[in-house]
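Student: Turn this into a model:
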Amino acid sequence: MQSVRVRNRQGGRQRPVEMELRFSCRREGVDHLGAGLTRHLTDTEVRIESDQGLPVPGGIELRIKWPFLLQSACPLELVIQGWLGESDCEQGVVSIRSYEFRTCGEHSFEPADARGVACDLIG
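Tutor: Just a heads-up that it's a prediction; the model follows:
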């Protein structure tokens with residue numbers, strides 16, 4: 001996969017940022033869940049990529065596996081509420097409406113069926 005480099009609104013150069021993510025949204029009464037990677041991240045948007053394809057434009061929640069631990073002990077995830085704009089099925093840009101860091105369990109990014117529990121990212 002090719003790295004993406006863009007400039008943010010202030011004109012500063014952005015470096016490619018690759019972090020695991022999960023996304024969830026609802027379109028026409030159907031829940032869409034998927035996984036992918038970030039390609040770049042600014043304070044206003046996230047470029048994402050998914051092998052499963054992305055849903056049509058609309059509201060979306062991203063849960064990004066943060067690469068640093070809280071107090072060197074607790075895993076974190078960055079939860080973003082945003083708007084997925086036009087995408088080319090595998091890559092898209094999410095405009096950030098709000099975000100927050102949350103602590104998460106040790107197995108937060110393992111597939112739900114491997115743990116034997118239901119996974120509901122829409123909340």
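
Student: Would you state the strands of this structure in chain order?
Tutor: Along the chain, counting by DSSP state E, strands occupy 20-27, 30-41, 45-49, 58-65, 76-87, 91-103.

Student: Need the winner for burial among those strands.
Tutor: Across the strands of the chain, averaging neighbours per residue (mean count of other Cβ atoms under 10 Å) puts strand 45-49 on top, at a mean of 22. For the C-beta atoms, the positions are set from N, CA and C on the backbone; glycine is no exception.

Student: so what secondary structure elements neighbour that strand?
Tutor: strand 30-41, strand 58-65, strand 76-87, strand 91-103 (3 or more Cβ pairs under 8 Å, 6 or more residues apart in numbering; DSSP states H and E).

Student: In CSV: the ones you listed, plus distance to F23.
Tutor: Shown next, in CSV, are the helices and strands packed on strand 45-49 (distance: least, Cβ to Cβ, whole Å):
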stretch, distance to F23
strand 30-41, 5
strand 58-65, 5
strand 76-87, 8
strand 91-103, 8
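
Student: Dump the ones you listed to CSV, plus mean pLDDT.
Tutor: Shown next, in CSV, are the helices and strands packed on strand 45-49 (pLDDT from 0 to 100):
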stretch, mean pLDDT
strand 30-41, 93
strand 58-65, 96
strand 76-87, 94
strand 91-103, 95
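
Student: which ones are touching the closest residue to E86 other than its chain neighbours?
Tutor: Spatial nearest neighbour of E86, excluding adjacent residues (Cβ to Cβ, 6 or more residues apart in numbering): P57 at 5.9 Å. For P57, the contact set (Cβ atoms under 8 Å, 6 or more residues apart in numbering) comprises W83, L84, G85, E86, S87.
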